[in-house]
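> okay, sequence plus prediction incoming.
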Amino acid sequence: MYRKCEVCKNDDVEVLYNLKFKLMEHIKLPDNYDIVFCPVCGFVYADTKATQDDYDIFYRDNNIYENDPSQSDIAKYDMIFNELSKHWDKEDSILEIGFASGSLLKMFEKNGYTKLFGLDPSKECVDKLNSVSITTIQGNILSKNVGKFKNIVLSHVLEHILDVEGALNSIYSMLEEDGTVYIEVPDMMQYIENNTLPFNFFDIEHINHYNQSSLSTLMFVHSFDVLSSGTKKWDIGDNKFYPATWVLCKKRNNPKLKVRDYIKTYVDTCLERKYPEIEDLVKSQEEIIVWGTGSLTQRLYSMANLSECNILNYVDNSKIKIGTSFNNRVVLNPNDIASGDIPILILSVYGTGEIIEQIKEMGLSNPVISLRCI
């Protein structure tokens, strides 16, 4: 194995097929690779022995993307522009990485965006994109000292990058603190329905294959929060379509907060939560009725000393739960509650307000206790 999974770093992957090529003599890339599947996160990729340097040289010296855009390309860029123009202001700085013919940047320019930048490894692409409003830079996604930008767009680029982690770290460093990045790649979950030729989506350039889920997960674990995502396809002629998936992400303020640390922080925050209402009931030991036997009640039973309260009955609106047992007590129908002085403790994440209204409509005089933290 040459590559671990770029999403979750798993190295116990399944080889699906060894794909072979007959390359032109001047192409210095391997003539075969294994198509592998990660069973942990669903990422599919080419396990190639090529290095990122090999691919940098390949794209620098073998560019085929400076040509004028096809109708299919224009349709693709139209869809991207229409999405991003909803979110990006005309005063924002925008960097496109791998701008090829520059068609997308020209769309921004035509529509009044003025702080436009393009980064591409091909000298031909850089030289061809001549515009007063667009600044071009020859380099690749791992280039240093490119600058800081409010927004960055990669249109069908990430599937070409071997060092995905390095690329995303580079994007992170190029984004301003409140910056966003849009990434679009082929959607592998639409490969079968849009299969024009055998292995059309697998070649020496497309070495990473994403779906909406794996792309979103990839961004999350590399310190980006997903604002929106989706799938789409566009007409490429002859009743054929090209499939894609995309994410729009915001730079997370703490770049070192990886998945484990993020969830650990969440757990620690949850453990710091106090429930003074329950603590008071434990101290007083007055009889109470608990309304709700869902996940909140089940957690608080052990986490917040709910088990030490003097619970007379449990009630629940769920017909499935009524008549079942919880903590050695039969779960009652709310209609079985007798109006009186026994307080009702409402334990519901989202339905507290509705339950309070229900108690009023039932004419119950019982005092109502709800958690202030909800």
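Now that the structure is in, tell me what you want to look at.
> go through stretch 77-86 and flag the buried ones.
Of all the residues in stretch 77-86, those buried under the rule 16 or more other Cβ atoms under 10 Å are 77, 79-81, 83-84. Heads up, the C-betas are built off the backbone N, CA and C, glycines and all.
> I'd like the residues you listed laid out as TSV, including distance to residue 96.
Rendered in TSV, the data for the buried residues of stretch 77-86 read as follows (distance: Cβ to Cβ, whole Å):
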residue	distance to residue 96
77	10
79	15
80	10
81	11
83	14
84	10
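> out of those residues, which are inside helices?
Per DSSP state H, helices hold the following members of these: 77, 79-81, 83-84.
> in three-state terms, label the closest residue to residue 160 other than its chain neighbours for me.
Spatial nearest neighbour of residue 160, excluding adjacent residues (Cβ to Cβ, 6 or more residues apart in numbering): residue 205 at 5.4 Å. Classification of residue 205 using DSSP: H, G, I helix; E, B strand; the rest coil returns coil.
> next, residue 317: phi, psi?
The phi/psi pair for residue 317 (degrees, to the nearest 10) reads phi -80, psi -20.
> show the contacting residues for it.
By Cβ atoms under 8 Å, 6 or more residues apart in numbering, the contact list for residue 317 reads 334, 355, 358.
> do you know how far it is from residue 333?
Noted for residue 317: a distance of 8 Å to residue 333, by Cβ to Cβ, to the nearest Å.
> residue 2 now?
Distance of residue 2 to residue 333, given as Cβ to Cβ: 63 Å.
> now swap in residue 235 and tell me
For residue 235 relative to residue 333 (Cβ to Cβ), the value is 57 Å.
> same question, residue 284
According to Cβ to Cβ, residue 284 stands 27 Å off from residue 333.
> repeat for residue 126
On the measure of Cβ to Cβ, residue 126 and residue 333 end up 73 Å apart.
> which one's more surrounded, these two?
Legend: neighbour count by other Cβ atoms under 10 Å for residue 126 and residue 333, higher for residue 126 (19 against 13).
> the more buried one falls within a helix, correct?
Yes. Residue 126: assigned to a helix according to three-state DSSP.
> renumber starting at 52 from here on
Sure, I'll start numbering at 52, so the last one becomes residue 177.
> quick one: it and residue 186 touch, right?
No. Judged on Cβ atoms under 8 Å, residue 177 makes no contact with residue 186 at a distance of 10.3 Å.
> mutual contacts of the two, please.
Listed as contacting both residue 177 and residue 186 by Cβ under 8 Å, 6+ apart are residue 169.
> quick check: residue 260 touching residue 250?
No. Between residue 260 and residue 250 there is no contact, the gap being 11.7 Å when judged by Cβ under 8 Å.
> tell me which of these two has more neighbours.
residue 260 (22 against 13).
> still on that earlier bit, as CSV, the ones in helices among the buried residues of stretch 128-137 with distance to residue 61 and pLDDT would be great.
Compiled in CSV, those are given as follows (distance: Cβ to Cβ, whole Å; pLDDT from 0 to 100):
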residue, distance to residue 61, pLDDT
128, 35, 96
130, 33, 97
131, 31, 97
132, 36, 97
134, 32, 97
135, 33, 97
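> quick check: mean pLDDT across stretch 210-223?
The average of the pLDDT scores along stretch 210-223 is 96.
> actually stretch 325-339, not the one I typed
Stretch 325-339 comes out with an average pLDDT of 94.
> buried stuff in that stretch?
In stretch 325-339, counting by 16+ other Cβ under 10 Å, buried: 326, 328-329, 332-333, 339.
> who's in contact with stretch 102-116?
The contact list for stretch 102-116 (Cβ under 8 Å, 6+ apart) reads 77-80, 149, 151-152, 172-176, 191, 193, 211-214, 217.
> ok, now how distant is residue 333 from residue 103?
Going from residue 333 to residue 103 by Cβ to Cβ gives 59 Å.
> same question for residue 119.
Distance from residue 119 to residue 103, counting by Cβ to Cβ: 29 Å.
> out of those two, which sits in the more crowded spot?
Set side by side, residue 119 and residue 103 show more neighbours around residue 103, with 16 against 9, by other Cβ under 10 Å.
> which phi and psi values does that one adopt?
With angles defined as degrees, to the nearest 10, residue 103 sits at phi -60, psi -40.
> give the rounded mean pLDDT of stretch 251-261.
The average pLDDT for stretch 251-261 rounds to 93.
> returning to what we had before: count of neighbours near the residue nearest to residue 211?
If you count neighbours by other Cβ under 10 Å, residue 256 ends up with 14.
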